[in-house]
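1. Show me how the following folds:
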Amino acid sequence: MKFGKWGDLEQWHMVYHGDKIISISGSHYYPHFHKDCYRIMYRMATLKAYRGMASEKISLRKMQHNFCFRAIMPAQVDWCLTKGATEIIATTNSPDNIDYGGTMHKVHNHGRRRRPNTKSDNMTLIQKDADVYNTKQDIWRVNVRDFATGKK
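-> Purely as a prediction, here's the structure:
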């Protein structure tokens, strides 16, 4: 991971258990679309022992059980808005570049197969197979502040 590449236009959010970082995800300025675009859910990682433990009330099969979506995403959206973001995006690896057991694969499937491409959904696919830092990725517009509550 590259820390500090974007300077003040980059923010890292972490979830701690005691004094140990158990989950991390970054947000940063993303000028490749336009001057007020920010990317969230960048480099999501959770220690294996803590995966699927973000909430007792939600099924283990749902993304909201992931610390990055449940705990970090709302803070990332808020931070992007304080920076003047008018569009917030997330990226997922395209089918040829997917870890089929990972959380982003679940996001990809949820978005591409189960969700219509409308603004009323949590995320809207806005570009397929974009070349993002030399990797084919799908780019999604984030339409909510919080996946768990659906709050805009």
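2. Secondary structure of residue 5: a strand, I assume?
-> No. Under DSSP: H, G, I helix; E, B strand; the rest coil, residue 5 sits outside any strand and is assigned coil.
3. Tally up the residues packed near it, please.
-> Neighbours of residue 5 under the rule other C-beta atoms under 10 Å: 11. From N, CA and C alone the C-beta is placed, and that goes for glycine too.
4. which residue sits closest to it, ignoring its sequence neighbours?
-> Leaving out its chain neighbours, the residue that sits closest to residue 5 by C-beta to C-beta, 6 or more residues apart in numbering is residue 28, at 7.4 Å.
5. Helix or strand next in line after the longest helix along the chain, which one?
-> Longest helix in the chain, counting residues (DSSP state H): helix 73-82. Using DSSP states H and E, the helix or strand that follows helix 73-82 in sequence is strand 87-93.
6. Residue 132: how many residues sit nearby?
-> By other C-beta under 10 Å, the residues close to residue 132 number 18.
7. what residues are up against the closest residue to it other than its chain neighbours?
-> Nearest non-adjacent residue to residue 132, counting by C-beta to C-beta, 6+ apart: residue 91, 5.6 Å away. Residues in contact with residue 91, defined by C-beta atoms under 8 Å, 6 or more residues apart in numbering, are 39, 41, 42, 130, 132, 137, 138, 139, 140.
8. As a check, name the ranges of all helices in the chain.
-> Ranges of helices in the chain, per DSSP H, are 67, 73-82, 103-109.
9. Extract the C-alpha trace of the longest one and format it as CSV.
-> Spelled out, that is helix 73-82. What follows is helix 73-82, C-alpha atoms only, in CSV (Å, rounded to 0.1, in the frame of the first residue of the first chain):
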residue,chain,number,x,y,z
MET,A,73,-17.7,3.6,4.7
PRO,A,74,-19.8,6.2,6.5
ALA,A,75,-16.7,8.0,7.8
GLN,A,76,-15.1,7.9,4.3
VAL,A,77,-18.2,9.4,2.6
ASP,A,78,-18.3,12.1,5.3
TRP,A,79,-14.6,12.9,4.8
CYS,A,80,-15.1,13.1,1.0
LEU,A,81,-18.0,15.5,1.3
THR,A,82,-15.9,17.8,3.6
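10. Please work out the average pLDDT along the longest helix of the chain.
-> The average pLDDT within helix 73-82 is 92.
11. Of all the residues in that helix, which ones are buried?
-> Residues of helix 73-82 classed as buried: 73, 74, 75, 76, 77, 79, 80 (neighbour count, 16 or more other C-beta atoms under 10 Å).
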